[in-house]
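Visitor: Return a 3D structure for these sequence lines:
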Amino acid sequence: MDTSVPLFDVFQPGLLRGQEYLPYDPSKGYFYVEHPGEGWRVYLRAICFIHEEGAIYDPKRFLVVKRTGANHGGKSWEPPKGQMEGKDALKHPRTSIMDLLKQSIRREVEEEAHINVLHNLEHTGLVQQAIEPDFKPNTYFHYHIFRAQTPVKSIQRGLNWFKWLKEHPKFFARMK
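Guide: Numbers count the residues shown, from 1 in each chain. Below you'll find the predicted structure:
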């Protein structure tokens, strides 16, 4: 992370919105905001720390998912996260960036953890700004960090889905 660059305010009015198809996944258009005068571009990502609803709050106890195909003993467990896609964000040009981030993280949580009930979803105010090695100059990404709670019933539904997928590898292989 480059601490010499100030954190860009992606919530300010007047930013340009767009999408770009990037080399590491050319099938998806990734959403960005760009300052029309200063020229910086920021791709938006979100991550959500999901805690069990009704349990005593412990910030170190949260739901994690494992990337498909990752080494069982590797460090591949993480909270649900993902990049905001242009196909979602550009359909709603008047929707605030914060609301778009919330919609995006809800979609990512549903896709990665199969949890569709998030209560008290909130932006923590924490943002990681960094660059990817193959980014053009003056191009960054932000991880906006959210937290939420979900009922045990919702967690169990997700676990049941993954158990079913494990028992049905042919079905899993057909999923995109």
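Visitor: where along the protein do the strands fall?
Guide: Along the chain, counting by DSSP state E, strands occupy 16-21, 29-34, 41-52, 65-66, 77-78, 81-83, 119-130, 139-150.
Visitor: Switch those over to a markdown table; also include mean pLDDT.
Guide: Formatted as a markdown table, the strands of the chain follow (pLDDT from 0 to 100):
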| stretch | mean pLDDT |
| --- | --- |
| strand 16-21 | 95 |
| strand 29-34 | 96 |
| strand 41-52 | 97 |
| strand 65-66 | 88 |
| strand 77-78 | 90 |
| strand 81-83 | 93 |
| strand 119-130 | 97 |
| strand 139-150 | 97 |
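Visitor: between those strands, which gets nearest to residue 164?
Guide: strand 65-66 (15.8 Å; Cβ to Cβ). The C-beta positions use only the backbone N, C-alpha and C, and glycine is treated the same way.
Visitor: And that closest one, what does it pack against?
Guide: strand 77-78 (3 or more Cβ pairs under 8 Å, 6 or more residues apart in numbering; DSSP states H and E).
Visitor: what's in contact with the strand it packs on?
Guide: Residues outside strand 77-78 that contact it (Cβ atoms under 8 Å, 6 or more residues apart in numbering) are 47, 64-67.
Visitor: Now render the strands of the chain as JSON lines, adding mean neighbour count and distance to residue 156.
Guide: Shown next, in JSON lines, are those (neighbours: other Cβ atoms under 10 Å; distance: least, Cβ to Cβ, whole Å):
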{"stretch": "strand 16-21", "mean neighbour count": "14", "distance to residue 156": "36"}
{"stretch": "strand 29-34", "mean neighbour count": "22", "distance to residue 156": "33"}
{"stretch": "strand 41-52", "mean neighbour count": "22", "distance to residue 156": "11"}
{"stretch": "strand 65-66", "mean neighbour count": "18", "distance to residue 156": "15"}
{"stretch": "strand 77-78", "mean neighbour count": "12", "distance to residue 156": "19"}
{"stretch": "strand 81-83", "mean neighbour count": "18", "distance to residue 156": "22"}
{"stretch": "strand 119-130", "mean neighbour count": "13", "distance to residue 156": "16"}
{"stretch": "strand 139-150", "mean neighbour count": "20", "distance to residue 156": "10"}
